[in-house]
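Colleague: predicted structure and sequence below. I'll ask about it afterward.
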Amino acid sequence: MTSSLRRAGVAALLLFALTGFLAAQSKTMSVQVREAPVRSSPSFLGPIITDLNYGDRVEVLEVRSGWAHINLPSGKGQGWLHSSELTAEQIALKAGSNVSSGASSSEVALAGKGFNEQVEQEYRSETSLDYTWVDKMEKIAYTPQQLVDFLKAGRLEGSGAAK
């Protein structure tokens, strides 16, 4: 066997092994929240390209800094989901099941921080503080584009910030 033929055989073998390794890296996961916004970039400020629903199955291509790069179930592109919105368990939806009892992505984020509605109610009952302004501030909402514009206007950059 000539050395060039041997090299070609080794290269083909390595390519085959690498392809198998990369295929093993991707895995299928389920959306575990009621509604999960798929973003065009791995950032909470990234534009939302579509929403997925509880139980949707996605192929995870890679995970980077808490964000999963996925193939959309429709086969129409790719996007980014926060990994807290996914589970390795396959979720089987049953007829008549109440999906509305699932948590939203915001509720999952708050629970991850150890704070939820029950904790807030308990804390309010144990203190004599006035939460009027806190309640008003909680109702303020900005679109992702407004936040990006704010970051750009202030020339704020960093992880996930506008550039």
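Modeller: Received it, and whenever you're ready, just let me know what you need. Residues are numbered from 1 along each chain as shown.

Colleague: so where's this protein uncertain?
Modeller: 1-26, 94-116, 157-163 (pLDDT under 70).

Colleague: ok, which stretches of it are helices?
Modeller: 3-25, 105-112, 117-126, 132-138, 144-153 (DSSP state H).

Colleague: give me the helices and strands touching the lengthiest strand in the chain, please.
Modeller: When the chain is parsed with DSSP state E, its longest strand is strand 57-64. Secondary structure elements in contact with strand 57-64, counted by 3 or more CB pairs under 8 Å, 6 or more residues apart in numbering; DSSP states H and E, are strand 27-31, strand 67-71. For the C-beta atoms, the positions are set from N, CA and C on the backbone; glycine is no exception.

Colleague: so what strands line up beside the last one?
Modeller: Sheet pairing here is set by DSSP bridges, and for strand 67-71 it gives strand 57-64 (antiparallel), strand 78-82 (antiparallel).

Colleague: highest mean neighbour count out of these?
Modeller: For the strands paired with strand 67-71, the largest average neighbour count (mean count of other CB atoms under 10 Å) is found in strand 78-82, namely a mean of 20.

Colleague: report the angle between that strand and strand 27-31.
Modeller: 60 degrees (axes from the mean of the first three to the mean of the last three CA atoms, to 10 degrees).

Colleague: many thanks, we can stop here.
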